[in-house]
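**Q** coords please:
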Amino acid sequence: MTSLRAKLFSRAMKIFFGIMMPANMSLGTYRKFANQPLFEPMPRDIAWEKREINDIAGEWITPSNALSDRVLLYLHGGGYVLRTPHVHRVLVGRLARAAMCKAFMVDYRLAPENPFPSALEDVIAAYRGLLAAGYSPSQIVVAGDSAGGGLVGALLVRLRDVGEALPAAACFISAMLDCTFLNEAIPELQKHDPYLRISDLRTMAKSYYGDHDPHDPLISPVFARLQGLPPLLIYAGENEVLRSDAVRFAEKARGEGIDVILKVWEGMVHAFPIYAGFIPEGKAAITEMGAFFQKFIG
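**A** The predicted structure is shown next:
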């Protein structure tokens with residue numbers, strides 16, 4: 001049952017985004033908006049610093065309860081074209097605290113200035129950097145939201161295809177897994193999404209894949225062969241246009257023998273764990289993700 005707080009928050013977000021982010025807004029304006037500290041400060045028990053690993057920029061985020069033998073590689077959302085450090089830093093800090101680990105959030109190159117495969121190359125390099133720093137694959141877990149979730153899928157598929165050891169587990173949060181946006185379920189789902197517009201997602205995705213075929217499994221992992229992937233936790237909100245991506249990907253992975261947990265959260269919006277400071281469902285999801293990672297890591 002959806003909490004009253006979540007229902008009110010969803011309505012407020014619909015109004016807020018409708019006013020602040022109208023249709024056909026320029027990318028430059030999107031980026032200015034996304035870089036504002038509109039949400040919450042970092043909890044006092046979580047430290048962060050900008051660093052590089054394997055020449056890839058990012059942020060180390062360390063909760064006070066972090067154990068030294070485990071690490072979370074986090075890939076932020078933003079439609080491949082946006083970076084929202086103030087928002088994602090808090091989310092990643094909370095998730096790292098729940099998993100009792102450090103986290104490295106990759107500052108991958110953005111489109112359209114750096115189209116596919118730039119972002120994927122950066123996250124692969126960051127993963128290899130963690131290995132070079134002394135972490136074993138069994139000590140690494142990976143998570144991402146929205147476009148970052150798409151990059152999680154592409155990372156796993158690419159590592160498997162080149163014969164590299166995979167991380168211990170992965171979590172997808174409202175992942176953008178099909179950049180063709182041809183799924184027949186989308187028009188109906190759009191009616192219930194309070195702020196995410198499929199037209200915006202198409203524009204962002206096109207900026208990323210450019211002249212490449214969006215059916216490429218490294219762009220749209222829903223079309224990939226999934227055998228050999230690690231255990232997966234896949235989240236989506238009931239009221240988001242990307243819900244069908246999560247369901248299709250989970251069903252395909254399960255059909256190919258992968259250990260999969262799919263959870264579509266009743267009444268929730270896109271990437272709802274971001275709002276854990278406002279809604280109890282977000283807090284519960286982070287606790288659940290942390291427990292999932294602790295089951296497999298180490």
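**Q** Beyond the lowest-mean-pLDDT helix or strand in the chain, next helix or strand please.
**A** Within the chain, no helix or strand scores below helix 27-34, which has a mean of 77 by mean pLDDT, DSSP states H and E. Next helix or strand after helix 27-34 toward the C-terminus (DSSP states H and E): strand 46-53.
**Q** mind listing what the next helix or strand after that next one pairs with, with the direction of each?
**A** With elements assigned by DSSP H and E, the helix or strand that comes after strand 46-53 is strand 56-63. Partners of strand 56-63 in the sheet, by DSSP bridges, are strand 46-53 (antiparallel), strand 102-106 (antiparallel).
**Q** from the chain's centre, how far out does the shortest one sit?
**A** Average the C-alpha atoms of strand 102-106, do the same for its chain, and the two points are 13 Å apart (CA atoms, centre = their mean, to the nearest Å).
**Q** CA-only coordinates of it, as PDB, when you get a sec.
**A** In PDB, the C-alpha atoms belonging to strand 102-106 read as follows (Å, rounded to 0.1, in the frame of the first residue of the first chain):
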ATOM      1  CA  LYS A 102      32.700   2.400   0.200                       C
ATOM      2  CA  ALA A 103      31.400   3.600  -3.200                       C
ATOM      3  CA  PHE A 104      32.900   5.100  -6.300                       C
ATOM      4  CA  MET A 105      30.400   7.100  -8.400                       C
ATOM      5  CA  VAL A 106      31.800   7.400 -11.900                       C
END
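**Q** quick one: buried residues of the helix or strand just after it?
**A** Moving toward the C-terminus from strand 102-106, the next helix or strand (DSSP H and E) is helix 118-132. Using 16 or more other CB atoms under 10 Å as the test for burial, helix 118-132 gives A119, L120, D122, V123, I124, A126, Y127, G129, L130, L131. To be clear about C-beta, it is placed using only N, CA and C from the backbone, and glycine gets the same treatment.
**Q** same check, this time on stretch 23-33
**A** Buried-residue list, stretch 23-33, by 16+ other CB under 10 Å: L27, Y30.
**Q** Kindly export it (C-alpha atoms) in CSV.
**A** As requested, the backbone C-alpha atoms of stretch 23-33 are provided in CSV (Å, rounded to 0.1, in the frame of the first residue of the first chain):
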residue,chain,number,x,y,z
ALA,A,23,8.6,20.4,-22.6
ASN,A,24,11.3,21.2,-25.2
MET,A,25,13.6,22.8,-22.7
SER,A,26,17.2,23.2,-24.0
LEU,A,27,19.9,20.9,-22.8
GLY,A,28,21.8,23.9,-21.4
THR,A,29,18.9,24.8,-19.3
TYR,A,30,18.4,21.2,-18.2
ARG,A,31,22.0,21.1,-17.1
LYS,A,32,21.8,24.3,-15.1
PHE,A,33,18.7,23.0,-13.3
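**Q** Tell me the confidence at the residue nearest the centre of the chain?
**A** In the chain, the centroid-proximal residue (CA atoms, centre = their mean) is D145; its distance is 1.6 Å. Per-residue pLDDT puts D145 at 98.
**Q** Please identify which of the strands paired with strand 56-63 is closest to Q190.
**A** Within the strands paired with strand 56-63, the stretch nearest Q190 is strand 102-106; the backing value is 29.5 Å (CB to CB).
**Q** I'd say R202 and L182 touch.
**A** No - taking contacts as CB atoms under 8 Å, R202 lies outside contact range of L182: 10.3 Å.
**Q** who has more neighbours, these two?
**A** Ranked by neighbour count (other CB atoms under 10 Å), R202 and L182 place R202 first, with 15 against 10.
**Q** List the contacts of the more buried one.
**A** F181 (CB atoms under 8 Å, 6 or more residues apart in numbering).
**Q** That one: helix or strand, and which one exactly?
**A** helix 198-209.
**Q** still on that earlier bit, pick the most deeply packed of the strands paired with strand 56-63.
**A** strand 102-106 (a mean of 26; mean count of other CB atoms under 10 Å).
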